[in-house]
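# Return a 3D structure for these sequence lines:
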Amino acid sequence: MLTYPTGQTFLRHASIMFAGAMAFLATACAPHSGSPATDTASQAQNSAYFVGSDRCASCHTAEHNAWQTSQHQMAMQHVSRTAVLAPFAGESLKHHGKTTTFSTHESQFIIHTDGPDGKPADYQVKYVFGVSPLQQYLIELPGGRLQAFTLAWDSRPATAGGQHWFDLYPDESYQAGDPLHWTGYQQNWNYMCADCHSTNLRKQYDAASDRFNTTWSEISVGCEACHGPGSQHLVWAQQGQPKSMIDKGLPHLLNERAGVTWTRNAISGQPQRSTARTTSRELDTCARCHSRRLQLTDKVNAAAPLAQGFQVALLDQGLYYPDGQMRDEVYNYGSFLQSRMHAAGVTCSDCHDPHTQQLRAPGDLVCAQCHDASRYATQKHHFHPEQSDGARCASCHMPTHTYMGVDKRHDHSLRIPQP
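Residues are numbered from 1 along each chain as shown. I've put the predicted structure just below:
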């Protein structure tokens, strides 16, 4: 989902991001020539192809069922009454002197608003984008472009303040022709957000015609977005799982946690991994989308090292506070790399189920998987009344910052609080 910093924060980084993005669009996103890659990772991924998440379900039923409930599976959806969470029942929203109306017509979801020429018109919603705590809607414009509309639906329960339309830029007004207007390039799905919301996405921008011919294997984030193309894995399964194929036919085997346990050091009481983590495959996989980064090419998939396709942002002023805590929306990876947990060998799936994306245990219990609750879940440690919000581990060690108006994100540097 698109990130919406304030205009001033955005402008500090826009020139660098746009220069890199345009270079990328003019080269890596041109229609593919099919020329072979020379590095080993690219050779491995080029010899396999994407088969779709449905092909995984027959053998990996539990994982597939868990994924079906996830935000990955609902990252982008075709328009339907089930997928669209907003009413679209004639409601209107006035913002900066303009009125936008949401309605339906013959099973189509219609947004009446100002368009590329600044004049009001009806626009049909083509795709649903995201699910919680907000949902955006994609509108198709000429040139193969999909644009993320900047009035979003707050999908939180009414008791939490949700169930209404809101402006993602409540304090700023953008007119047609501005990059941040919903018709502008900064709201363009194809290059701003598509790669993280679909599987095997190819932007395929042609500079000569100024058109996109964007394609994907799956509309949402499927199994192969993380595991890599699965055709050779199917061959491995169909051939009786030959031991000669050590990687099981998967170009990206996510097995760093296999057989790993966490215990507490008898002297310090601190958690320690049974064996040191020697690779970063899982972290790299998550970082493809859960990091503030510049995409260099879309010709790589999860089988390739992170740096082969992306340049991750550093602890730059404006993105992070001077002590390293997140300031702008940085998507967790850069924060987590600073943490003692990362240094100790913790990976994303130690805390998060990779298929549901939910915590492996509710609330503080996820921390108590490794940390001694009798030592830390006490007022002597946290200085707050028992069972209060302040007593929760994340309240001090993972403070939140709100992005996109309603989306609270936890800092993942997991540091000792220093007010």
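
# so where's the longest strand in the chain?
The longest strand of the chain (DSSP state E) is strand 120-129.

# hey, where'd the helices end up in the stretch 151-300 of the chain?
189-192, 194-197, 223-227, 231-238, 281-287 (DSSP state H, counting those that start in this stretch).

# Figure out which of the ones you listed is closest to residue 295.
Of all those, helix 194-197 sits nearest to residue 295, with 6.2 Å by CB to CB. Just so you know, the C-beta spots here come from the backbone N, C-alpha and C atoms, and that holds for glycine as well.

# distance between the closest one and the chain's centre?
8 Å (CA atoms, centre = their mean, to the nearest Å).

# what's it in contact with?
1, 75-76, 129-130, 146, 201, 203, 214, 216, 220-221, 288-289, 295, 298 (CB atoms under 8 Å, 6 or more residues apart in numbering).

# let's see 6 Å
75-76, 201, 289 (CB atoms under 6 Å, 6 or more residues apart in numbering).

# Rebuild those residues as JSON lines, extending it with pLDDT, distance to residue 109 and neighbour count.
Listed next are the contacts of helix 194-197 as JSON lines, based on pLDDT from 0 to 100; distance: CB to CB, whole Å; neighbours: other CB atoms under 10 Å:
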{"residue": "75", "pLDDT": "97", "distance to residue 109": "18", "neighbour count": "24"}
{"residue": "76", "pLDDT": "97", "distance to residue 109": "15", "neighbour count": "27"}
{"residue": "201", "pLDDT": "97", "distance to residue 109": "24", "neighbour count": "20"}
{"residue": "289", "pLDDT": "97", "distance to residue 109": "27", "neighbour count": "19"}
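
# among those residues, which two are most distant?
76 and 289 (12.6 Å).

# name the helices or strands packed onto the longest strand of the chain?
Judged by 3 or more CB pairs under 6 Å, 6 or more residues apart in numbering; DSSP states H and E, the packing partners of strand 120-129 are strand 76-78, strand 108-114, strand 134-141.

# how does it look with 7 Å?
strand 76-78, strand 108-114, strand 134-141, strand 145-148 (3 or more CB pairs under 7 Å, 6 or more residues apart in numbering; DSSP states H and E).

# Return the distance of the last one from the chain's centre.
Read that as strand 145-148. 18 Å.

# just the longest one next, same as before
Average the C-alpha atoms of strand 134-141, do the same for its chain, and the two points are 16 Å apart (CA atoms, centre = their mean).

# Relative to it, what are the paired strands and their orientations?
strand 120-129 (antiparallel), strand 145-148 (antiparallel), strand 151-154 (antiparallel) (DSSP bridges).

# need the helix or strand of this protein with the lowest average pLDDT.
Every helix and strand of the chain was ranked by mean pLDDT, DSSP states H and E. The lowest is helix 7-26, at a mean of 42.

# List the residues that contact residue 312.
287, 291, 293, 333-334 (CB atoms under 7 Å, 6 or more residues apart in numbering).

# Correct me if wrong: residue 217 contacts residue 199.
Yes: counting by CB atoms under 7 Å, residue 217 touches residue 199, with 5.0 Å between them.

# State the distance from the residue at minimal distance from the centre of the chain to residue 106.
Taking CA atoms, centre = their mean, the centroid of the chain lies closest to residue 289, which sits 4.7 Å from it. For residue 289, the distance to residue 106 equals 36 Å [CB to CB, to the nearest Å].

# Over to residue 315?
In terms of CB to CB, residue 315 sits 52 Å off from residue 106.

# Please say which of these two ends up with more neighbours.
Ranked by neighbour count (other CB atoms under 10 Å), residue 315 and residue 106 place residue 315 first, with 17 against 5.

# Torsion angles phi and psi at the residue of the chain most remote from its centre?
The outermost residue of the chain relative to its centre, with distances by CA atoms, centre = their mean, is residue 267 at 39.6 Å. Residue 267 adopts backbone torsions of phi -90, psi -50, taken as degrees, to the nearest 10.

# how close does residue 92 sit to residue 267?
Distance from residue 92 to residue 267, by CB to CB: 65 Å.

# Return every residue with contacts to both of residue 217 and residue 199.
50, 224.

# Neighbour count: the two, which is higher?
Neighbour count, other CB under 10 Å: between residue 217 and residue 199, residue 199 has more, with 25 against 19.

# wouldn't the more buried one be in contact with residue 226 here?
No: applying CB under 7 Å, one finds residue 199 not in contact with residue 226, separated by 9.2 Å.

# which residues are in contact with stretch 74-85?
Contacts of stretch 74-85 (CB under 7 Å, 6+ apart): 109, 125-131, 135, 153, 155, 197-198, 219-221.

# Now it: buried residues?
By neighbour count on 16 or more other CB atoms under 10 Å, the buried set for stretch 74-85 is 74-77, 79, 84-85.

# Including distance to residue 375, could the residues you listed go into TSV?
Formatted as TSV, these follow (distance: CB to CB, whole Å):
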residue	distance to residue 375
74	39
75	39
76	44
77	45
79	51
84	48
85	43
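
# which of those residues lies closest to residue 166?
Checking these one by one against residue 166 (CB to CB), the nearest turns out to be residue 85, at 13.4 Å.

# Now do the closest one against residue 140, distance only.
20 Å.

# From residue 292, how far out is residue 131?
22 Å.

# So between those two, which is more surrounded?
Legend: neighbour count by other CB under 10 Å for residue 131 and residue 292, higher for residue 292 (23 against 18).

# Am I right that that one is in contact with residue 319?
Yes: Residue 292 is within contact range of residue 319, at 6.2 Å (criterion: CB under 7 Å).

# what touches both of these two?
Shared contacts of residue 292 and residue 319, counting by CB under 7 Å, 6+ apart, come down to 313, 330.

# For residue 403, grab phi and psi.
phi -120, psi 160.

# pLDDT value on the closest residue to it other than its chain neighbours, please?
Spatially, and ignoring its direct neighbours in sequence, residue 403 is nearest to residue 329 (4.7 Å; CB to CB, 6 or more residues apart in numbering). Listed pLDDT for residue 329 reads 95.

# And for residue 329, the neighbour number?
Around residue 329 there are 20 residues (other CB under 10 Å).

# before we move on, what about residue 145?
21.

# returning to what we had before: could you redo the helices and strands packed on strand 120-129 as TSV and give each row distance to residue 374?
Converted to TSV, the helices and strands packed on strand 120-129 look like this (distance: least, CB to CB, whole Å):
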stretch	distance to residue 374
strand 76-78	45
strand 108-114	53
strand 134-141	39
strand 145-148	48
